[in-house]
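Asker: Attaching a predicted model along with its sequence, questions to come.
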Amino acid sequence: MKKRTKTNPDRQDSSRRRFLKQVSLWSAGLILGPPVFDIRETGVAQPGVSKLWVARGRDVSAMTRALVTRAGGMESFVKQGDTVVVKPNIGWDRTVEQGANTHPVIVAELALMAVEAGALKVKVFDRTCNEERRCYQNSGIKKALEVLGEKRFNAGIWMNENICPFRSKRVIP
């Protein structure tokens, strides 16, 4: 007989079969307890892998920079000539004060940091739940990127698998 180990796929099949059998019996009313699916061997985060940093204060820009620096700096994520996508939550037609979307200063700061790290282009977009143009406008994200005046920023609406760009007119030397 084959020895079963944690990496043996037969173990998972056996566990899956056992679970499905329990579901069938439970659904038919033949067992009283709910089905048990043992996930101890898989599906559990490994200790020490995830990291979470928290910033407190009023200067959103400084807090964003401090957190990215703590994560290894933007240079550890962006290489010279990269095209970077910043995918904030712009899903809702809500203002900054309502707090439903990613804060526009965070988005603008991340885009600026990506360019400083060598990104050739930064695209900012999301698939919205409400009407796209109003979400980009009312969230403050479009304006925050335009104020920076960086030509390499491309905040766009994701429609039909394409990005329709909003381009700023000013250039920072």
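Answerer: In hand now; what should we look at? Numbers count the residues shown, from 1 in each chain.
Asker: Just to be sure, Val124 is in a strand?
Answerer: Yes - counting by DSSP: H, G, I helix; E, B strand; the rest coil, Val124 is found in a strand.
Asker: which residues does it contact?
Answerer: Shown in contact with Val124 (CB atoms under 8 Å, 6 or more residues apart in numbering): 85-88, 107, 111, 141, 145, 153-156. Placement of C-beta: from N, CA and C, glycine included.
Asker: among these, who's most crowded?
Answerer: With neighbours taken as other CB atoms under 10 Å, the top of the contacts of Val124 is Ile141, carrying 30 neighbours.
Asker: In space, what's closest to Val68 - neighbours in sequence excluded?
Answerer: Met74 (5.5 Å; CB to CB, 6 or more residues apart in numbering).
Asker: Thr64 is in contact with that neighbour, correct?
Answerer: No - counting by CB atoms under 8 Å, Met74 does not reach Thr64; the two are 10.4 Å apart.
Asker: what sits in contact with each of these two?
Answerer: Joint contacts of Met74 and Thr64 (CB under 8 Å, 6+ apart) are 110, 113.
Asker: Would you mind giving the contacts of Val124 as TSV with distance to Ser24, pLDDT and secondary structure added?
Answerer: Output for the contacts of Val124, formatted as TSV (distance: CB to CB, whole Å; pLDDT from 0 to 100; DSSP: H, G, I helix; E, B strand; the rest coil):
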residue	distance to Ser24	pLDDT	secondary structure
Val85	45	90	strand
Val86	47	92	strand
Lys87	41	92	coil
Pro88	45	93	coil
Val107	49	94	helix
Ala111	53	93	helix
Ile141	50	91	helix
Leu145	55	88	helix
Phe153	55	71	strand
Asn154	53	70	strand
Ala155	51	65	strand
Gly156	49	61	strand
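Asker: got those residues as CSV, with distance to Phe125 columns?
Answerer: CSV is the format used below for the contacts of Val124 (distance: CB to CB, whole Å):
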residue, distance to Phe125
Val85, 7
Val86, 8
Lys87, 7
Pro88, 9
Val107, 11
Ala111, 12
Ile141, 10
Leu145, 11
Phe153, 11
Asn154, 8
Ala155, 7
Gly156, 5
